[in-house]
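Trainee: Based on what follows, work out the 3D shape:
(chains A, B and C)
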Amino acid sequence: MAKPLSLDPNRLFPSDLIQRSIARELYEGVAALPIISPHGHTDPRWFADNTPFADATELLLAPDHYLFRMLYSQGVSLEKLGVPSRNGATTTDPREAWRLFSEHYHLFRGTPSRIWLDHVFANVFDIDIRLDETTADHYFDVITGALAGENFKPRALFDRFNIEALATTEGPNDSLDPHKKIAASDWNGRVISAYRPDPVVDPEHEDFQNALDQFAKITGEDTRQWRGYLNAHRRRRADFIAIGATSSDHGHPTAQTADLSDRECEALFNKVITGDFDTGEAELFRAQMLTEMAKMSLDDGLVLQIHPGSFRNHNDWLFKTYGRDKGADIPMRTDYVGALQPLLNRFGNDSALSIIVFTLDETSYSRELAPLAGHYPALKLGPAWWFHDSPEGMRRFREQTTESAGFYNTVGFNDDTRAFASIPARHDVSRRVDCSFLARLVAEHRLEIEEAHEVAADLAYRLAKRAYKL
Amino acid sequence: MAKPLSLDPNRLFPSDLIQRSIARELYEGVAALPIISPHGHTDPRWFADNTPFADATELLLAPDHYLFRMLYSQGVSLEKLGVPSRNGATTTDPREAWRLFSEHYHLFRGTPSRIWLDHVFANVFDIDIRLDETTADHYFDVITGALAGENFKPRALFDRFNIEALATTEGPNDSLDPHKKIAASDWNGRVISAYRPDPVVDPEHEDFQNALDQFAKITGEDTRQWRGYLNAHRRRRADFIAIGATSSDHGHPTAQTADLSDRECEALFNKVITGDFDTGEAELFRAQMLTEMAKMSLDDGLVLQIHPGSFRNHNDWLFKTYGRDKGADIPMRTDYVGALQPLLNRFGNDSALSIIVFTLDETSYSRELAPLAGHYPALKLGPAWWFHDSPEGMRRFREQTTESAGFYNTVGFNDDTRAFASIPARHDVSRRVDCSFLARLVAEHRLEIEEAHEVAADLAYRLAKRAYKL
Amino acid sequence: MAKPLSLDPNRLFPSDLIQRSIARELYEGVAALPIISPHGHTDPRWFADNTPFADATELLLAPDHYLFRMLYSQGVSLEKLGVPSRNGATTTDPREAWRLFSEHYHLFRGTPSRIWLDHVFANVFDIDIRLDETTADHYFDVITGALAGENFKPRALFDRFNIEALATTEGPNDSLDPHKKIAASDWNGRVISAYRPDPVVDPEHEDFQNALDQFAKITGEDTRQWRGYLNAHRRRRADFIAIGATSSDHGHPTAQTADLSDRECEALFNKVITGDFDTGEAELFRAQMLTEMAKMSLDDGLVLQIHPGSFRNHNDWLFKTYGRDKGADIPMRTDYVGALQPLLNRFGNDSALSIIVFTLDETSYSRELAPLAGHYPALKLGPAWWFHDSPEGMRRFREQTTESAGFYNTVGFNDDTRAFASIPARHDVSRRVDCSFLARLVAEHRLEIEEAHEVAADLAYRLAKRAYKL
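Mentor: Numbers count the residues shown, from 1 in each chain, chains lettered A, B, ... in the order given. Here you go, the predicted model:
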């Protein structure tokens, strides 16, 4: 007999009754605010084409590396979960994949995926029994059935989710046609992009040489000359801005920046485009490009996001077989104090620039990032990211950054997801956890309740809107 | 007038009444489960010979480096505490040592030792007044008197402690006779060993050359040839398996692994056995040996435990005077992401292998270990270890690993102790702290109560049994 | 209409009613204890000359880098806040600066500055409405008016604050005349110094060469000879001891120590005084000097404080324009295990020596510092420092150090401030947070209430007095 599924209205609030009632009150003031999603990985074609999602597996399981990495860690094969490999889509029956996932749903106990999924099941699909091996088919049928309807097409979900703005992420060589199609349509949803030039900025990217050539074609610039290469970026940033982008994003292995002379830049560039460079030169080139991007930001206004510290594709066999983004990226220890100094010394005192830094290394919160953001006008802290985008992770973020950086050197929440249906769930978790943190400050007489209301709305909505110029 | 000693039934549970009642309920479901102790340092001769322990000092104080290190830090001499030096046993009167310890018992306020000891005093020896300078003699008399009785002999305590299986730790050159004697006896206690080959694996071990020679004698292999050396390990692992061992254990300075070719291995081996090698080569040899042990594990089924990151014998004078394991081992910053990659790329996708990794560097929980264990099928996380085997340490372990690794990539509790009488106390602390963590999840509506019951039993009993193949 | 300002008697205590009532009870036992301030940066001339502070801005804003760094991070210019630059005092009107600060007071929500300031406003100046842009002038008038009165002169405040002893910090070339003047006066306040020789110890200090010359003049020793240089330190330490100093203090980039032979020392010294040395030699010299200071401490009894791990003057432009201590010092990752070993191997087993180590890298609490302090007789842990001198920071300090180091290898609280008026506020926060930590231990039955009372008084008063020999 199936167990009931219901979302408790007090979920994620502290159980201490004093804190809980304050958290609840604060949350009620922000629960209905529109969603600002300034950084994420949904596919703009969903909203351009508005084609229905096929089934529960395609919507919820196959694109979500949080899910299949956990299943994989317990010996479940990616093939059987319907995860496409380099050879293309699997032949796995989506229903079979869903059943396999359902049998292992207990693995997610205590994880944010469990919270997000239950929210999606209950709030998006109105399911009222819990997922396990006995209810797998019921779930598959209900979800797959719903997806066929008009109300579950991408644009309808976007509207229903109360999303005010959603940023996707594209590379310089990606087409912006989906965004143009959305803009040209009669639908009012605001779907913008973010400029993520990693493939043409990282000399160690497996596609760097080809990407440079394509970058030349798409911009009409000579991307094998330093000046032309920089112009290509400028042009492409302008293209992104034209379809609404307000930020660039940079996923480097480290946070290293540099501030070389023009001559040094040119010499370094001439070296890396030959393919004959060492790892130090590749690092230095990426480092310098962050500073170049900052220069361009001062001209064109894009907010500069830095997402460092992920050891990408840690599992060789998995990478060869399945490719990128399959759950095998692992955080690394990351330095910011030395690494960001060249960039901050160049532009850190300029309030006109907005640099948002993220970390996967929580030790940097109180030691490096909060002190840096609590000093430099150009620097802000992105929210708890990826593995730390979770109730405990968000709590640690506030506990470890607020005392040195305050709330106003942070930028609200990013869902950073490719799991579209989970966007409201993720923002809801963030709002609940932030309200819980504020409730503790109020309950301990460290903040007045009316201030907490104001901060709660800042964290849930206003800071993201302001920091990302939305 | 002596103060009362009594163990509160709610000790270690949150004081929040909602969480406390859930924690209590969960705890009551697991409190009486048998103890699985898959990793520890008790002496198998205790159970082979079943000789009574001599007195309170011999049982509780002299072998417990948690205790005498704290006393030493406050200027109490080890000599006076009855700690044997390299010159042999002290001439200190055990009662005098016990008095000295008792006078300083306040130093343990807020430490796990205090919790463990009070548990032992109250539950094992039925003492109902607190330890201090005024009750020192009473304690010494009660404990020493009890130890002379039949019910306090090692086997009787083992049975009374409800231990289902206990692993000791032996080196390849240690005798397994005590284990054989236990097996041959009419006593049913399950006392097994774990294969810890550090002295013949670490070229920098002070005894490496002699140990290699002895390793040859004990196995009949030519341990000065790479093939023979590996065969010696295989044979000795088989001997350990024959007396019940299910795991090997490796206490390296770092978590570094390597995956060299056969030819490289042989050349490296030939170098280290000459004694003419540098620290990098010693490190590389230890690194390669972890991969060799993993290969053997795939053949013989031993679980591979890695305990890295302790700076051994930090205090030169103490090491020269008192030898190893005298409280002067200090944790070091430890990398896992790069260090484990060679081993994980070789075998990490193989569910047939079970690698359990421990850390003394808590920063690796959320940044490295939980993400790694939440991906690789072969990798599991050992519990909070050594300095972190404590209420706060265990709480941080769950808070920082669960969201990325879940509960099911962890392996239950290890007491890791040579303080035999404290084993039930240590497991009790672990069960209470885990139930408290689960209670918070339930109270915050992140987990259902009936799931929490299941997880509580997994953490207290089933996961250890499964992970260690007991 | 202005909002009321009142300090809740339960502020900073847990809201859990069981813990709160215990915390309150413990706090009431220590709230009125005198203040021991063994480490700080107030100006001894305040107490020597007893000149009134000029206005609210001069007293509270301009000297407090915690305040103006936060305002600066949000684009407020230091000039307009009345912060003096290298060109001297600003021409900014103090009232205008105060208004600017008041308008931005919301930036301090969730920070310790907010707590300290509200305490000062309410308790020192009896203000009962909250600071914001509408009350800025009221605040400025009330505070500035009060400061003109006899009761708000430095000595009167010192007495009113119930300060039993206050240490300032001076360099070897600083005059000790203010301290002598205080001693010679009819006022009984105990204002001592601490010997901080960084400018003559750090070869990379911008003033090193000049400082050496001045050091020669002030001591009559040949500070360009190794022996003379050491003698100069000995003499100057004696001068400091004569005006009451009980400690030296060392603000090095790292915690590195060394134990070189006399010949090596002399050769290294001869190198660094030429100015022709590399960064490794500068580091080695500073490292050796910690060991030299420890040797002198064994002779003259000064407690040795080590404050490592700050990347000083991270912001070049700010340093060039405004100089040191303007909020641009950023914590760095800091190693202690390897770094302290040379010093600890030389003197760590000697209980006659007292070394107090601080950290800005919280990761070292549980991994390195608590294990080291829980072993070496000569080593104690300083309290949560600088960015971590905050409710959350202090809580983490206790949670992460107590289980391995206990309470008795820590040394009570340091306010470490140049913001004189905030000293009672800072000690009050520390007492409240420590009592809250103890209350949790009592509520979880890990400590008896009467022990907690004793520990609370130790942490609030007795440990600092004992550790600093006051």
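Trainee: separation between the nearest residue to A:Thr42 once chain neighbours are set aside and B:Ala328?
Mentor: Of all residues not flanking A:Thr42 in the chain, A:Phe420 sits nearest, at 5.0 Å (Cβ to Cβ, 6 or more residues apart in numbering or on different chains). All C-beta spots, glycine's among them, are computed from the backbone N, C-alpha and C. A:Phe420 sits 55 Å away from B:Ala328, going by Cβ to Cβ, to the nearest Å.
Trainee: A:Val411 too?
Mentor: For A:Val411, the distance to B:Ala328 - Cβ to Cβ - is 46 Å.
Trainee: ok, now A:Ile182?
Mentor: 65 Å.
Trainee: A:Ile18 falls within a helix, correct?
Mentor: Yes. Judged by DSSP: H, G, I helix; E, B strand; the rest coil, A:Ile18 forms part of a helix.
Trainee: count of neighbours near it?
Mentor: 18 (other Cβ atoms under 10 Å in any protein chain shown).
Trainee: ok, it - contacts?
Mentor: Listed by Cβ atoms under 8 Å, 6 or more residues apart in numbering or on different chains, the contact set of A:Ile18 reads A:Ala443, C:Ser15, C:Leu17.
Trainee: tell me which of these is nearest to chain B?
Mentor: Distance to chain B across the contacts of A:Ile18 (Cβ to the nearest Cβ) is lowest for C:Leu17, with 8.8 Å.
Trainee: just so I have it, where are all the strands in chain A?
Mentor: A:35-37, A:163-167, A:191-192, A:247-250, A:303-306, A:310-311, A:330-331, A:355-357, A:379-381 (DSSP state E).
Trainee: Give me the domain ranges for chain A.
Mentor: Domain segmentation of chain A under automatic domain parsing yields A:34-51+A:153-419+A:459-467, A:55-151.
Trainee: low pLDDT regions in chain A?
Mentor: Scanning chain A with the threshold set as pLDDT under 70 gives A:1.
Trainee: Centre-most residue in it?
Mentor: By Cα atoms, centre = their mean, chain A has its centre lying nearest to A:Asp416, at 1.8 Å.
Trainee: wait, isn't that residue in contact with A:Trp385?
Mentor: Yes. Here A:Asp416 lies in contact with A:Trp385, judged by Cβ atoms under 8 Å, at a distance of 6.7 Å.
Trainee: which ones are touching the residue of the stretch 101-250 of chain A found nearest chain B?
Mentor: Nearest residue of the stretch 101-250 of chain A to chain B: A:Gly110, at 4.1 Å (Cβ to the nearest Cβ). By Cβ under 8 Å, 6+ apart, the contact set of A:Gly110 is B:Thr402, B:Glu403, B:Gly406, B:Phe407, B:Leu441, B:Arg446, B:Leu447, B:Val455.
Trainee: Filtering the residues you listed by proximity to chain A, which remain?
Mentor: B:Thr402, B:Glu403, B:Gly406, B:Phe407, B:Leu441, B:Arg446, B:Leu447, B:Val455 (Cβ under 8 Å from any Cβ of the partner chain).
Trainee: could I get these as CSV with distance to B:Leu369?
Mentor: Shown next, in CSV, are these (distance: Cβ to Cβ, whole Å):
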residue, distance to B:Leu369
B:Thr402, 12
B:Glu403, 13
B:Gly406, 13
B:Phe407, 14
B:Leu441, 20
B:Arg446, 22
B:Leu447, 22
B:Val455, 19
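Trainee: Quick check on those: which are buried?
Mentor: By neighbour count, with 16 or more other Cβ atoms under 10 Å in any protein chain shown, the ones next to chain A among the contacts of A:Gly110 hold B:Thr402, B:Glu403, B:Gly406, B:Phe407, B:Leu441, B:Arg446, B:Leu447, B:Val455 as buried.
Trainee: Tell me which two of these sit farthest apart.
Mentor: B:Glu403 and B:Val455 (14.3 Å; Cβ to Cβ).
Trainee: hang on, A:Arg324 packs against A:His314?
Mentor: No. Assessed by Cβ under 8 Å, A:Arg324 is found out of contact with A:His314, at 11.6 Å.
Trainee: who has more neighbours, these two?
Mentor: A:His314 (24 against 12).
Trainee: In the stretch 351-470 of chain A, what residue comes closest to chain B?
Mentor: With Cβ to the nearest Cβ, the shortest gap between the stretch 351-470 of chain A and chain B falls at A:Ser390, namely 4.2 Å.
Trainee: give me every residue that touches that residue.
Mentor: A:Thr111, A:Pro112, A:Ala384, A:Val429, B:Glu403, B:Ser404.
Trainee: just A:Ala31 next, same as before
Mentor: Per Cβ under 8 Å, 6+ apart, neighbours of A:Ala31: A:Asp428, A:Arg431.
Trainee: Next, give phi and psi for it.
Mentor: Main-chain dihedrals, A:Ala31, degrees, to the nearest 10: phi -60, psi -30.
Trainee: how far away is it from A:Cys435?
Mentor: 9 Å.
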